[in-house]
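Enquirer: 3D, please:
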Amino acid sequence: MNRTPSAPFAIAIAVATTVCGVLPVFLAGSLSVQATADLGLTAAILGIVIAVFWASSSLFSARAGRVAEVWGVRPTLALAVSLALVAMVGVALLSPSWHWFAGWMVLAGAANGFGHPPSNALILAAVPAGRTGAAFGVKQAAIPISTLCAGLAVPLLALTFGWRATFVVGAALCIAALATILIAVPRLPVRAKAAKGQAGITGPLRRYFSLMAVSGFLGVAQANVVGGFTVATASERGFGPAEAGYIVGAASVAGIVVRIAVGIAADRGIGGTMSTVALMLFLGALGLGGIAFGSGPVFIAGCVLAFGAGWGWNGLVHYTIAQRAGAFTASATGLVQGGAYAGGAVGPLLFGALVSHSGLGVGWVAAATCAVAAAIVAYAASRLEGGLSGTGPASSLPPSPARSA
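Expert: Predicted coordinates for the structure are as follows:
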């Protein structure tokens, strides 16, 4: 069965796969207060747990594009969700200490690493070319959707049923996603054969994607600090556990709206470049300043800005990759995401160490500095875009009727 899926279905599968891939690590951050007694978590140990997840994502992302090209879309999607399912069950039932918790994050990170290349390829196969910006925005909105779910899980599940039961609910979501993939996703190749003269990702295009990877390293380093430590920081600032969860939920909604909005704007010729990413990262740094020094409404506003602008650029990056890489989107995604995931590992690890030695304020200032550096590198990448017109081929999959319409 090689029929092309409908655009809404393809986007829904991409979102579900992405949610399954990242939900374990965001649950780890949101449920850290409740899990402390069972696992002996501290800020430094939580940083290690989160770092393990993103280090695993980085390691497997570098290979995920190639695996997806060989296996195809459906098997790679199924692999990603299956790994997430095993990780969720392991955390819930077989985590007597934080060491086991961290071990299950290796599988969860692999799930995240394997999920993006086939998800992006599925979107390119099914979504008309003039709507891919919005599609990638919706797909990457899965990240704040995950933080929204993780934040709301505290008052709705963890405080009543326990943190382990919350991971069981996450496992049930993975089962539903896996069943849908196996039953309803058609067999599709990830990449058609390259046209004559297309040598892959070389020369200026590789330099461009390398700068994107560096910017992603720095940008995700600060973003994953936001996702992993906001609840703990809110609790330290005097908010109750339920209030902290609702703050993360509200900020996550801002992230969802921003990702979709910038994608729609890109489809209409507004933004859609790495200079837009640079601006968003700079605004995110301002939000991190609010988290570092604010309390009450200022702290909440900082969270909204950090989640919205400072973490809302990911979909735009995936859109840019697809626009430039074309038939090599899966490989380019693996390259750029490898750098981003490495930053996701280093950021929380260093943040946890800084907090343990110097306090939360210093840690959040360091995160803001990282966001500014990411903005500078993103702007440097944007300076190369003028010379890349037409570098990437037009499509990474045989066109569907929707794409050729």
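Enquirer: Can you give me the buried ones in stretch 90-105?
Expert: For stretch 90-105, burial by neighbour count (16 or more other Cβ atoms under 10 Å) applies to 90, 91, 92, 95, 98, 101, 102, 103, 104, 105. Using the backbone N, CA and C atoms, a C-beta is placed for each residue, glycine as well.
Enquirer: ok, for residue 251, nearest residue in space, not its chain neighbours?
Expert: For residue 251, ignoring the flanking residues on the chain, the nearest one in space by Cβ to Cβ, 6 or more residues apart in numbering is residue 307 at 3.7 Å.
Enquirer: repeat for residue 312
Expert: Of all residues not flanking residue 312 in the chain, residue 258 sits nearest, at 3.4 Å (Cβ to Cβ, 6+ apart).
Enquirer: Surely that neighbour is in contact with residue 309?
Expert: Yes. Counting by Cβ atoms under 8 Å, residue 258 sits close enough to residue 309 to count as a contact (6.5 Å).
Enquirer: middle-most residue in the protein, spatially?
Expert: Centroid-nearest residue in the chain: residue 143, 5.1 Å away (criterion: Cα atoms, centre = their mean).
Enquirer: Quick one: mean pLDDT over the host helix or strand of that residue.
Expert: According to DSSP states H and E, residue 143 maps onto helix 142-153. Averaging pLDDT along helix 142-153 gives 84.
Enquirer: Keeping just the C-alphas, turn it into CSV.
Expert: Taking C-alpha atoms only, helix 142-153 is exported to CSV below (Å, rounded to 0.1, in the frame of the first residue of the first chain):
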residue,chain,number,x,y,z
ALA,A,142,3.9,18.9,19.8
ILE,A,143,6.8,20.0,22.0
PRO,A,144,4.8,22.6,24.0
ILE,A,145,1.8,20.2,23.8
SER,A,146,4.0,17.8,25.7
THR,A,147,5.0,20.3,28.3
LEU,A,148,1.3,21.3,28.6
CYS,A,149,0.4,17.7,29.3
ALA,A,150,3.3,17.3,31.7
GLY,A,151,2.4,20.5,33.5
LEU,A,152,-1.3,19.6,33.8
ALA,A,153,-0.4,16.0,34.8
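Enquirer: That helix: what's the following helix or strand?
Expert: Where DSSP H and E defines the elements, the next helix or strand beyond helix 142-153 is helix 159-161.
Enquirer: The longest helix along the chain relative to helix 142-153, how many degrees between them?
Expert: Secondary structure of the chain per DSSP state H: the longest helix is helix 203-236. Taking axes from the mean of the first three to the mean of the last three Cα atoms, to 10 degrees, helix 203-236 and helix 142-153 form an angle of 10 degrees between their directions.
Enquirer: List the buried residues of helix 203-236.
Expert: Applying 16+ other Cβ under 10 Å to helix 203-236 flags 205, 208-209, 211-234 as buried.
Enquirer: Surely residue 87 touches residue 105?
Expert: Yes. With contact defined as Cβ under 8 Å, residue 87 reaches residue 105; the gap is 7.1 Å.
Enquirer: anything in contact with each of these two?
Expert: Residues touching both residue 87 and residue 105 by Cβ atoms under 8 Å, 6 or more residues apart in numbering: residue 24.
Enquirer: Show me what the host helix or strand of residue 247 is packed against.
Expert: Here residue 247 is covered by helix 241-267, with elements defined by DSSP H and E. Secondary-structure packing of helix 241-267 (3 or more Cβ pairs under 8 Å, 6 or more residues apart in numbering; DSSP states H and E): helix 132-140, helix 142-153, helix 203-236, helix 274-293, helix 297-308, helix 314-325.
Enquirer: can these go into CSV with extra columns for distance to residue 266?
Expert: Listed next are the helices and strands packed on helix 241-267 as CSV, based on distance: least, Cβ to Cβ, whole Å:
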stretch, distance to residue 266
helix 132-140, 3
helix 142-153, 17
helix 203-236, 15
helix 274-293, 8
helix 297-308, 17
helix 314-325, 6
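Enquirer: nearest to residue 28, of these?
Expert: helix 203-236 (7.4 Å; Cβ to Cβ).
Enquirer: now the angle between helix 297-308 and the closest one, please.
Expert: Going by the same axes, to 10 degrees, helix 203-236 makes 150 degrees with helix 297-308.
Enquirer: tilt between helix 203-236 and helix 314-325?
Expert: Helix 203-236 runs at 170 degrees relative to helix 314-325, counting by the same axes, to 10 degrees.
Enquirer: Can you tell me which of the buried residues of stretch 90-105 is closest to residue 160?
Expert: Residue 160 has its nearest neighbour among these in residue 92, at 15.7 Å by Cβ to Cβ.
Enquirer: and the host helix or strand of the closest one, C-alpha only, in CSV?
Expert: Element membership for residue 92 (DSSP H and E) is helix 73-93. The C-alpha coordinates for helix 73-93 follow below in CSV (Å, rounded to 0.1, in the frame of the first residue of the first chain):
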residue,chain,number,x,y,z
VAL,A,73,8.4,6.0,7.0
ARG,A,74,6.1,3.5,8.7
PRO,A,75,8.7,1.2,10.2
THR,A,76,10.8,4.1,11.5
LEU,A,77,7.8,5.8,13.1
ALA,A,78,6.8,2.5,14.7
LEU,A,79,10.3,2.0,16.1
ALA,A,80,10.3,5.5,17.6
VAL,A,81,6.9,5.1,19.4
SER,A,82,7.8,1.5,20.5
LEU,A,83,10.9,2.8,22.2
ALA,A,84,8.9,5.5,24.0
LEU,A,85,6.4,2.9,25.1
VAL,A,86,9.1,0.7,26.7
ALA,A,87,10.7,3.7,28.4
MET,A,88,7.4,4.9,29.9
VAL,A,89,6.6,1.4,31.2
GLY,A,90,10.1,1.0,32.6
VAL,A,91,10.0,4.3,34.4
ALA,A,92,6.6,3.5,35.9
LEU,A,93,7.3,-0.1,37.0
